[in-house]
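# Sequence plus the predicted model coming up.
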Amino acid sequence: MDGTFNWSVYNKKLLQAENVCDSSDYNFGYEWKELSADGVPIPTRLGRALVRKDNGMTLGIHKSKYVPVKHESVVDSVLETVEKLDCGKTYTTIEVFEEGRKLRGQIYFDDVTIEPQIGDVIGYTIDFRNSYDGTWKLAMAGEGKRIFCLNTMTHGMRLSENIIKHTISASVADTSEKLKMAMDTFVNSEETYKRMIETKQDETTAKELLERYLCRMPTKSGKPKTNDVQLEIVCGQLQKERAMLGNNQWATYNTATHWATHTPKGDNDRKRNETVVGRLNDATTRHLKVEQLKDALVYA
């Protein structure tokens, strides 16, 4: 990043920008319709179509046991839960994709931050998702956003589909308590990050960790293979992070969070899905790998 530009101020404004789509984009009715093949009805246990009432668009094909959760209910439940937390000023983003099939939201807590070293501030967000096509499971996650670069730092709090469904059908009190616990985990992580900053790490060790946790691909033989293109990208980012943050674990960890958040593309990576949804799906998978690397650093 350009050292003459104040990225922290710019990125803070991005997080503070309210971006809520019109409620009609996610608040719409739907109904089930039976499927058929050559005029012969298909048993609902094998599949049926979830269809929008307003335009007849098919949202997804599901078996009879599938029970959709309304986007509107998810949004209302999350906003009510955040209000109950009463943690100061918040900023909300709500987006829909693929004509309403998917919904994603983010709540940024302006007053919930940590600062592992002077000037290096990490803010707290809640990310939530839902879908009618079944590709995104209903979920909520607590995350840290490093203000300087907007790298996402997950904090092990991912509420399951069952927990959120229970909350929507019952009370927000239980989920509110769990989100408060997740927020406490985020605040307490400041000490972990301080230790990373203080712990020196040679470049060879850093590259070995990045290769092991981020750049290995499964093969049919069962023996993992290194993705050399990704390794080259990651090692290039490592050089930048070490120049800015020092020769420590913090630089290694931020190399990983940059790789997961911004999902850099190699020159030969032509077939990658570059849609917003594709990038979100890719980042979710990558952050799971980053958590494993983080554990390796913490418990080294």
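Here it is on my side, so go on.

# From the contact count, pick out the helices and strands touching the longest helix anywhere in the chain.
Longest helix in the chain, counting residues (DSSP state H): helix 173-198. Identification of packing neighbours for helix 173-198 by 3 or more C-beta pairs under 8 Å, 6 or more residues apart in numbering; DSSP states H and E yields helix 71-85, strand 102-117, strand 120-131, strand 139-146, strand 151-159, helix 161-169, helix 249-262, helix 276-298. C-betas here are computed from N, CA, C, even on glycine.

# The fourth one vs helix 173-198, what angle?
If you take axes from the mean of the first three to the mean of the last three C-alpha atoms, to 10 degrees, strand 139-146 sits at 30 degrees to helix 173-198.

# returning to that earlier point: out of the helices and strands packed on helix 173-198, deepest packed?
Between the helices and strands packed on helix 173-198, helix 249-262 has the highest mean count of neighbours, a mean of 25, where neighbours are mean count of other C-beta atoms under 10 Å.

# Give me the residues contacting that helix.
Contacts with helix 249-262, where a contact means C-beta atoms under 8 Å, 6 or more residues apart in numbering, come from 116, 146, 149-153, 193, 195-197, 199, 201, 206, 209-210, 213-214, 230, 233-234, 237-238, 241-242, 244-245, 264, 283, 286-287, 289-290, 293-294, 297, 300.

# What mean pLDDT does that helix get?
Taken as a whole, helix 249-262 has a mean pLDDT of 93.

# same thing with stretch 68-75?
Mean pLDDT, stretch 68-75: 91.

# now that stretch: how far from the chain's centre is it?
A distance of 19 Å separates the centroid of the chain from that of stretch 68-75, by C-alpha atoms, centre = their mean, to the nearest Å.

# Restricting the selection to alpha carbons, write it to CSV.
Output in CSV follows, covering the C-alpha atoms of stretch 68-75 (Å, rounded to 0.1, in the frame of the first residue of the first chain):
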residue,chain,number,x,y,z
PRO,A,68,-36.5,-22.0,4.6
VAL,A,69,-35.9,-19.1,7.0
LYS,A,70,-37.1,-15.8,5.8
HIS,A,71,-34.4,-13.2,5.0
GLU,A,72,-36.6,-10.6,6.7
SER,A,73,-36.7,-12.7,9.9
VAL,A,74,-32.9,-13.0,9.9
VAL,A,75,-32.3,-9.3,9.4
